[in-house]
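>>> the following comprises the amino acid sequence and a computationally predicted model.
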Amino acid sequence: MMTETRVPREEIPAGRNSPRDRKGFVFPTVVFSIAVMSIVVVAAVNTSTDERRASRATRESTLAIYAAEAGLRQTYGSWPSASVKALNPGDSLDLGWQTLSSNSTYRTFIHRLDKGGLQEYDVVVQGRRLGLNGGMATLVGVVGGVPVLTYAVFSKTNVSLGSGIVDSYDSEVAPYVAGAADSNATIWANGNIDISKTTVQGDVTATGTITYGNLGVVTGTATATAPPAPAMDINACPVGGYTPAANVPSGPGITYNSLTGVLSVAAGAVVNLTASQYYFSQVILQGNSTILVNPPAGTHIEITISDLLNVSGGSVTNLSAAATRLGFSSCGSPALPSTWSLTGGSSSAFSVYAPNHPVSLSGGGDIWGAVVASTYTATGGSNLHYDEALARQPSNKLIVQRGTWAQMPGS
């Protein structure tokens, strides 16, 4: 019979751990260390990935800006004149997406912002990089019309004022009132100015001399020997020939030949012009004959002439009384430009743009408008009342306005 002998258990002093107690501590410590190291490694990998993504996003965004700027410059350089000219105030033009060689595209929108006067366009271009990670940016520029008729008189060379008054008013604010006119009738001559028996209510500037004769008065600033102003552009003549005979009224005293482009109105006759555009070689009024127009608000009649305008024997009657609605302009560069002869009347409201023709005003009447000429001469007590609204009319010349480049927020 076997008996079991029990060995007495060693007494463990107080404060001393048993070896078996420490055996279970090592494994959790190792697991915890591995977990912490894994978290550190994952965080490092994610940080590296985020940095690469951020760097790529920055690069793609920058390249999208380059694409938008390339599109903006391309739009300026290939301006869609005909399509833009057809825009009414508030209208927009979408030129669609265009592809660049740098794996990028751009899209241009042109918005007309003005109220129907001097043009103002916002040009908005979206640049986009192709691909899943492609960036996008939006740039905005501004194109505006260049005002042409900003002077009461602009002359390529000399100005001679023999008698009368040169003052100003704004037909879009109030009708002209004698004795209460504005003093914004600026005269500029890339030559000399001679003022005699004339009061100019405004400033005068000449690249040469300013000479005052008897009773010559300038209420504003007179500046001589100034640097020359840029020459005015000479318009090209319309294509397709002179205005067809069917578009010109016929009747007693009215003679028109569509082959030569000569319109002649005999004594006492009246020719009523209603179309928006006419093109003649010569317009001649004789013996109290009249060109009559009555353009409604928001419209304009432009009479383009390649050679001669002579209305000194008659008058131009604009029943709207707004110079902004009727204009005479020259075209082409004749070898010997003829002198354009004007006379005023009770309703002679119109502008004259003839930068390569001498222009003379005589007869003692009044004209409400503005004159651009190679030389300008006023005699016989004739008065010129500059309509300040002409400076706000649509222009054939556009320019990119400086300092208007901007990136849209959030793009």
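Received, thanks.
>>> can you give me the strands in the stretch 251-400 of the chain?
All strands of the stretch 251-400 of the chain, identified by DSSP state E, counting those that start in this stretch, fall at 254-257, 262-265, 270-272, 277-285, 290-293, 301-310, 315-318, 326-330, 340-343, 349-362, 366-378, 383-387, 398-400.
>>> low pLDDT regions in the stretch 51-200 of the chain?
Scanning the stretch 51-200 of the chain for pLDDT under 70 picks out 51-58, 132-134.
>>> buried ones in stretch 299-315?
For stretch 299-315, a neighbour-count test (16 or more other CB atoms under 10 Å) marks 301-315 as buried. Just so you know, the C-beta spots here come from the backbone N, C-alpha and C atoms, and that holds for glycine as well.
>>> now Tyr66, what's its secondary structure?
helix (DSSP: H, G, I helix; E, B strand; the rest coil).
>>> contacts for stretch 256-267?
For stretch 256-267, contacts defined as CB atoms under 8 Å, 6 or more residues apart in numbering pick out 241-245, 248, 250, 252-255, 271, 279-291, 306, 313-314.
>>> repeat that for stretch 79-94.
95, 107-116, 121, 143, 398.
>>> mind checking which of those residues are in strands?
95, 107-112, 121, 143, 398 (DSSP state E).
>>> and which of the residues you listed is nearest Arg129?
Arg107 (13.2 Å; CB to CB).
>>> residue contacts, that closest one?
71, 94-98, 125-126, 128.
>>> kindly state the beta-bridge partners for it.
Trp97, Gln126 (DSSP bridges).
>>> would you check how far apart it and Asp91 are?
17 Å (CB to CB, to the nearest Å).
>>> do the same with Ser104
Taken as CB to CB, the span from Ser104 to Asp91 is 28 Å.
>>> who's more crowded, these two?
Of the pair Ser104 and Asp91, Ser104 is the one with more neighbours under other CB atoms under 10 Å, namely 22 against 11.
>>> counting neighbours, what do you get for the closest residue to that one other than its chain neighbours?
In this structure, Ser104 finds its nearest non-sequential neighbour in Ala67, 3.7 Å apart by CB to CB, 6 or more residues apart in numbering. Per other CB under 10 Å, the neighbour tally for Ala67 reads 29.
>>> Ala67 contacts Leu130, correct?
No: using CB atoms under 8 Å as the test, Ala67 is too far from Leu130 to be in contact (9.8 Å).
>>> need the overlap of contacts for those two.
Taking CB under 8 Å, 6+ apart as the criterion, Ala67 and Leu130 both touch 104-105.
>>> ok, back up a step: please name the residues that touch the residue nearest to Ser104.
Applying CB under 8 Å, 6+ apart to Ala67 gives the contacts 100, 102, 104-106, 127-129, 137.
>>> swap in Gly220?
Neighbour list for Gly220: 183, 186, 200-204 [criterion: CB under 8 Å, 6+ apart].
>>> which SS class is it?
Taking three-state DSSP, the label given to Gly220 is coil.
>>> so how far is Leu309 from it?
Distance from Gly220 to Leu309, by CB to CB: 30 Å.
>>> cool, Asn257 as well?
Separation of Asn257 from Leu309 (CB to CB): 17 Å.
>>> one step back: put the buried members of the ones in strands among the contacts of stretch 79-94 into a ChimeraX selection.
To isolate the buried subset of the ones in strands among the contacts of stretch 79-94 in ChimeraX, counting by 16+ other CB under 10 Å, use the following:
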select :95,107,108,109,110,112,121,143,398
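>>> what's the most distant pair in the ones in strands among the contacts of stretch 79-94?
Arg107 and Leu398 (21.1 Å).
>>> going through the contacts of Ala67, which ones are buried?
100, 104-106, 127-129, 137.
>>> go through the residues you listed and say which is closest to Asp194.
Using CB to CB, the buried ones among the contacts of Ala67 come closest to Asp194 at Tyr106, 55.6 Å.
>>> Val123 is in contact with that closest one, correct?
No: at 11.5 Å, Tyr106 does not count as touching Val123 under the criterion of CB under 8 Å.
>>> give me the pLDDT for Pro238.
On pLDDT, Pro238 comes in at 96.
>>> let me fix that: Arg325
Note on Arg325: pLDDT of 97.
>>> grab the nearest non-local neighbour of it.
The shortest distance from Arg325 to any residue other than its chain neighbours is 4.1 Å, reached at Pro295 (CB to CB, 6+ apart).
>>> ditto for Ser315
Nearest non-adjacent residue to Ser315 (CB to CB, 6+ apart): Gly345, at 3.8 Å.
>>> same check on Gly135?
Glu60 (3.5 Å).
>>> wait, is the one you found part of a helix?
Yes: counting by three-state DSSP, Glu60 is part of a helix.
>>> surely Val148 is in contact with Arg392?
No: with contact defined as CB under 8 Å, Val148 and Arg392 do not form a contacting pair (10.9 Å).
>>> pull up the distance across stretch 125-137, start to finish.
Stretch 125-137 stretches 8 Å from its first residue to its last (CA to CA, to the nearest Å).
>>> i'd like the first residue to be 7 from this point on
Sure thing, new numbering starts at 7, so read that last one as stretch 131-143.
>>> what sits up against that stretch?
Around stretch 131-143, the neighbours that count as contacts under CB under 8 Å, 6+ apart are 62-63, 66-78, 81, 109-115, 144-147, 413-414, 417.
>>> the same query, at a cut-off of 7 Å, please.
With CB atoms under 7 Å, 6 or more residues apart in numbering as the contact definition, stretch 131-143 has outside contacts at 62-63, 66-67, 69-71, 73-74, 77-78, 81, 109-114, 144-145, 413, 417.
>>> do stretch 206-224 as well
Contacting residues not belonging to stretch 206-224 are listed as 158, 172-174, 187, 189-205, 225-232, 234 [CB under 7 Å, 6+ apart].
>>> again, but for stretch 102-110
Outside stretch 102-110, the residues that reach it (CB under 7 Å, 6+ apart) are 69, 73, 76-77, 111-113, 133-136.
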